[in-house]
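Asker: Curious how this folds, go ahead:
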Amino acid sequence: MDRYEPQKIEKKWQEKWLKEDVYHTEADPSRPKYYALEMFPYPSGNLHMGHVRNYAIGDVMARYKAMEGYNVLHPMGFDSFGMPAENAAIKHGVKPGDWTLSNIANMERQQKSMGLSYDWDREVITCKPEYYKWTQWLFELFYKRGLAYKKKASVNWCDTCGTVLANEQVIDGKCWRCDSEVHKKDLSQWFLKITDYADVLLKDLDKLEGWPERVKTMQRNWIGRSEGLEFQLEVPALGKSISAYTTRPDTVYGITFLALAAEHPLMDAICAKSEHASEIQAFCKKTRNQNDIERTSSESAKEGVFTGLYCVNPFNGRKVQIWVTNYVLADYGTGAVIGVPSEDTRDWMFATKYGIEKILTIRPKEGELKLEDMTDAYAEKEGYLINSGEFDGMEMHEAMGAIIDKAEKEGFGKRHVNYRLRDWLISRQRYWGAPIPVINCPHCGEVLVPEEDLPVLLPEDVSFRQGALSPLSSSESFLHCKCPKCGADATRETDTMDTFICSSWYYLRYTDPHNDKMPFAKDKVNYWAPVDQYIGGIEHAILHLLYSRFFTKVLHDAGLVDFDEPFKNLLTQGMVLKDGSKMSKSKGNVVSPEEIIGKYGADTARLFILFAAPVDRDLEWSDQGVEGSYRFLGRVWRILGHFEDTIKGASDDYDVTKLTKEEKELRRILHTTIKKVTDDLRDRFMFNTAISTIMELVNAFYGFQDKAVNAGLVREVARNLLLLLAPFAPHITEELWSRLFAEGSVHAQHWPSYDETAMKRDEIEIVLQINGKVRDKVVVPADIDREGMKAAVMELPRAKELTAGKTIVKVIAVPKKLVNIVVK
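Answerer: Numbers count the residues shown, from 1 in each chain. Okay, here's the model as predicted:
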């Protein structure tokens, strides 16, 4: 056989697979289905090694499941709206669409060079009108169901990008895209009412048994459900009351201050009455420009200004100081938080900093507390109430319910469930996104664009100047229209949708990508979806995955799909690092997939990235590791080339009873390998150990390179070696299969099964220990019992030598492993 030339054979098979459309998929009710999906990329222009890892994992699963007999859906597309395309238009004068489609073409070429088993006929590109027509249709569905609305809101604004950012898109006070400082700005914005689904999004996390617990915990924390008391505190100076929410009603008798958000609706009224108005206003302005995550972070300094006003604690009639602070958010709870320094660490620090009174209201089960001896709040979750009026001596958890009962009975409070989750702000003052299909009429107000007029197309006569106005408002042809209800002159909505809208339903469009009558046909979406295995980065745990779950639940309630969760199983792969850091251009540690594929071939790139680390852990790039994977594939090529004539001349049916002892051991290794690789793929995603096991099989095969060997066994080993390796290295296995077996494609074969009888050993090796230290080894029959093991070991010259003249205290036999002789 000629030498291994991956570039030559890989190009050959990629062209053949594409020409013959071998990965095209249609529904087939006669077979079980399997929907394998990797998160689709933003078309930045080039693949990076993180992409390669993501796609290689998905491709292994898709190919493996196809060989197991599943009807596999394995599509790919591009999340192609977003700011980089618009920024390119601003910097280089190119049209965002042209820039995007050019990048897509390059990334498609790179993906195809990896030998990925995608059904390209199902490709979804979210910036194309045939896709975003249905994104707009879905917005209208949400609107009709009361789940889309517009309101003026204080939003996160990035001056550099000229757009609003969702809370999740602000990281440490900076824009997730450009790293610029983010500040607050009041704008009229569109929201989706994800809070209507907060309870079910939280509850149904328990159904997701195939999701990592870490991701579910992140979502639980983001939704942030809490149960507590909402009650009113009168403000005599204003003649009004302030509503406060607490999850610790057992501590209300210890309230010494009330902390308000800088955006609290009574702030103007407070300033009108306060002697500290100018100080309050300056503090509020400064605080509003802080990011919400920064304000609530445990790391941030807690600051405030005393307003000079007081409210009244309805439980005991005590006067309570009113403060405006930087750590309370207007849209969490009521925008007012009670301060109980003795039982809350944050409140203790704040009260200590500003000299506010502390009142102890809980004592531990044993012993007592004295404020003068305390250096921090008593934050334990057990204790009894003190200084709490009629509730003194009551266990704290029992007291919670009793105190809420009192508030409800006396009419100043009620039980209340609160969420950290906020409604999803989807407005973007950008051009390159799906236009929001709403017309603003001076007579009719908000009017949806009629379905027959969708999509609302993006115009090309726009200006990309930065600022608060969307570029769409600069297009006269787009902006001005007629009201579809009354026919009067009207204007179009000029915001576009957050790109996370596009990615919240793309996995459903793959099931019916060419439908021009609806987003997807119900029979097709219910055949393929939900996704059986979803693969992507942990960084999407909150944003994309939560939004996708929300979309699926709304579509289920609307009767469009029969399932209420989008992804049955989730795998979050680790990052690819180099020199201990995430690959980035700024650090100069980027490794180009094209360079690796060009030098070593796609099979080597795939094999290394799957072998170098468990898929859920970070992977450290190693040039030596890549070389090692390349050498291994060369070894496979050479050993099968060496046995080429033997393989072709042998039969699949041969008499295994005539195998020699060494040949039986090779066959045992083969069938043990089949079982191990199958278990690693089917149950554990342990691709690295599966590949290691295949390497051990190849090493064992090389032991027969220069020996006479049963031809039937050689054929059996060669056949199964190629089948096991096929999902990992699709090109070399396809080439070798075509040369050696000529039975169609290796990827169309059935996954191999293992022979339990072949896996049994005739003999095993056991260890001799003296006082727990290994001294020798001996080969014994595999079915030997404990007494036989002891007898065999005692006959060893080394055992006799080391026990001579000593007293044997006892002999311990561990079946099939060792015998330990204890002497003194």
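Asker: what sits against Glu357?
Answerer: Residues counted as contacts of Glu357 (CB atoms under 8 Å, 6 or more residues apart in numbering) are Thr256, Pro341, Ala351. Bear in mind the C-beta positions are built from the backbone N, C-alpha and C, glycine included.
Asker: Swap in 7 Å and give it another go.
Answerer: Thr256 (CB atoms under 7 Å, 6 or more residues apart in numbering).
Asker: Tell me the spacing between Phe728 and Arg715.
Answerer: Separation of Phe728 from Arg715 (CB to CB, to the nearest Å): 22 Å.
Asker: The stretch 451-600 of the chain: helices as residue ranges?
Answerer: 476-479, 499-502, 506-509, 522-528, 543-557, 593-600 (DSSP state H, counting those that start in this stretch).
Asker: Please convert those to a markdown table, extending it with mean neighbour count and mean pLDDT.
Answerer: Below are those laid out as a markdown table (neighbours: other CB atoms under 10 Å; pLDDT from 0 to 100):
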| stretch | mean neighbour count | mean pLDDT |
| --- | --- | --- |
| helix 476-479 | 14 | 95 |
| helix 499-502 | 24 | 97 |
| helix 506-509 | 24 | 98 |
| helix 522-528 | 17 | 98 |
| helix 543-557 | 22 | 97 |
| helix 593-600 | 17 | 95 |
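Asker: okay if I get these as CSV plus distance to Ala407?
Answerer: Converted to CSV, those look like this (distance: least, CB to CB, whole Å):
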stretch, distance to Ala407
helix 476-479, 52
helix 499-502, 40
helix 506-509, 46
helix 522-528, 48
helix 543-557, 33
helix 593-600, 62
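Asker: Who has more neighbours out of Phe728 and Arg715?
Answerer: A direct count of neighbours by other CB atoms under 10 Å for Phe728 and Arg715 places Phe728 higher, at 26 against 22.
Asker: where's that one, which helix or strand?
Answerer: Here Phe728 sits in a region with no helix or strand, counting by DSSP states H and E.
Asker: Which pLDDT value does the model give it?
Answerer: Looking at Phe728, its pLDDT reads 98.
Asker: Contacts only, for it.
Answerer: Val60, Arg606, Leu607, Leu610, Ile691 are the contacts of Phe728 under CB under 7 Å, 6+ apart.
Asker: hmm, who's touching stretch 415-422?
Answerer: 167, 194-195, 198, 222-230, 245, 331-333, 404.
Asker: Give me the average confidence score over that stretch.
Answerer: The average pLDDT for stretch 415-422 rounds to 91.
Asker: Okay, buried residues for it please.
Answerer: Buried residues in stretch 415-422, defined by neighbour count with 16 or more other CB atoms under 10 Å: His416, Asn418, Tyr419, Leu421, Arg422.
Asker: Please name the residues that touch the nearest residue to Glu446 once chain neighbours are set aside.
Answerer: Nearest non-adjacent residue to Glu446, counting by CB to CB, 6 or more residues apart in numbering: Val438, 5.5 Å away. Applying CB under 7 Å, 6+ apart, we find Val438 in contact with Glu446, Val447, Leu448, Val449, Glu493.
Asker: Also Ala148?
Answerer: Phe139, Phe142, Trp190, Leu192.
Asker: before we move on, what about Glu86?
Answerer: Taking CB under 7 Å, 6+ apart, we find Glu86 in contact with Pro96, Arg430, Tyr431, Trp432, Phe464.
Asker: I'd like to know how far Thr195 sits from Lys151.
Answerer: From Thr195 across to Lys151, the span is 13 Å (CB to CB).
Asker: make that His48, sorry
Answerer: Separation of His48 from Lys151 (CB to CB): 39 Å.
Asker: out of those two, which sits in the more crowded spot?
Answerer: Legend: neighbour count by other CB under 10 Å for His48 and Lys151, higher for His48 (18 against 10).
Asker: What does the pLDDT read for the more buried one?
Answerer: As predicted, His48 sits at a pLDDT of 89.
Asker: Could you give the bridge partners of Gly537?
Answerer: Beta-bridge partners recorded for Gly537 (DSSP bridges): Gln573.
Asker: cool, and Glu230?
Answerer: Residues in beta-bridge contact with Glu230 (DSSP bridges): Tyr245, Lys414.
Asker: what's near enough to touch it?
Answerer: The neighbours of Glu230, taking CB under 7 Å, 6+ apart as the test, are Ser243, Tyr245, Thr334, Gly413, Lys414, His416.
Asker: What count of nearby residues applies to Glu380?
Answerer: 11.
Asker: For it, pull up the helix or strand it's in.
Answerer: Glu380 is part of no helix or strand, with elements assigned from DSSP H and E.
Asker: Can you report how many residues neighbour the closest residue in space to it that isn't next to it in sequence?
Answerer: Distances taken as CB to CB, 6+ apart place Pro364 nearest to Glu380, at 6.5 Å, with adjacent residues excluded. When neighbours are defined as other CB under 10 Å, Pro364 has 12 of them.
Asker: and of the buried residues of stretch 415-422, the nearest to Arg638?
Answerer: Leu421 (58.5 Å; CB to CB).
Asker: Remind me which helix or strand that closest one belongs to.
Answerer: Using DSSP H and E, Leu421 falls within no helix or strand.
Asker: Could you work out the end-to-end span of stretch 420-429 for me?
Answerer: 26 Å (CA to CA, to the nearest Å).
Asker: show me the contacts for Cys441.
Answerer: Applying CB under 7 Å, 6+ apart, the residues near Cys441 are Val447, Cys483, Lys485, Cys486, Ala488, Ala490.
Asker: List buried residues within these.
Answerer: In the contacts of Cys441, burial by neighbour count holds for Val447, Cys483, Ala490, counting by 16+ other CB under 10 Å.
Asker: of these, closest to Ile764?
Answerer: For the buried ones among the contacts of Cys441, with Ile764 as the reference and CB to CB as the criterion, the closest is Val447, at 80.2 Å.
Asker: was I right about the closest one contacting Pro484?
Answerer: Yes - the pair Val447 / Pro484 is scored as a contact, 5.9 Å apart, by CB atoms under 7 Å.
Asker: anything in contact with each of those two?
Answerer: Shared contacts of Val447 and Pro484, counting by CB under 7 Å, 6+ apart, come down to Ile439.
Asker: Could I get the CA-only coordinates of stretch 497-515 as PDB?
Answerer: Taking Å, rounded to 0.1, in the frame of the first residue of the first chain, the C-alpha atoms of stretch 497-515 are listed here in PDB:
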ATOM      1  CA  MET A 497     -34.400  42.400  17.700                       C
ATOM      2  CA  ASP A 498     -31.600  41.000  20.000                       C
ATOM      3  CA  THR A 499     -29.800  38.300  18.000                       C
ATOM      4  CA  PHE A 500     -30.600  35.900  20.800                       C
ATOM      5  CA  ILE A 501     -34.100  35.800  19.400                       C
ATOM      6  CA  CYS A 502     -32.800  34.200  16.300                       C
ATOM      7  CA  SER A 503     -30.900  31.500  18.200                       C
ATOM      8  CA  SER A 504     -33.800  30.800  20.400                       C
ATOM      9  CA  TRP A 505     -35.600  28.800  17.800                       C
ATOM     10  CA  TYR A 506     -33.100  27.900  15.000                       C
ATOM     11  CA  TYR A 507     -33.000  24.200  16.200                       C
ATOM     12  CA  LEU A 508     -36.700  23.900  15.300                       C
ATOM     13  CA  ARG A 509     -36.200  25.400  11.800                       C
ATOM     14  CA  TYR A 510     -33.600  22.700  10.900                       C
ATOM     15  CA  THR A 511     -36.500  20.200  11.000                       C
ATOM     16  CA  ASP A 512     -38.300  21.900   8.100                       C
ATOM     17  CA  PRO A 513     -35.900  24.500   6.700                       C
ATOM     18  CA  HIS A 514     -37.500  25.200   3.300                       C
ATOM     19  CA  ASN A 515     -41.100  25.700   4.500                       C
END
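Asker: Now do Glu368 against Met374, distance only.
Answerer: 11 Å.
Asker: More neighbours: those two, which one.
Answerer: Set Glu368 next to Met374 and count neighbours by other CB under 10 Å: Met374 wins out with 14 against 9.
Asker: Excluding chain neighbours, what is closest to the more buried one?
Answerer: Using CB to CB, 6+ apart, the nearest residue to Met374 is Ser342, at 7.6 Å.
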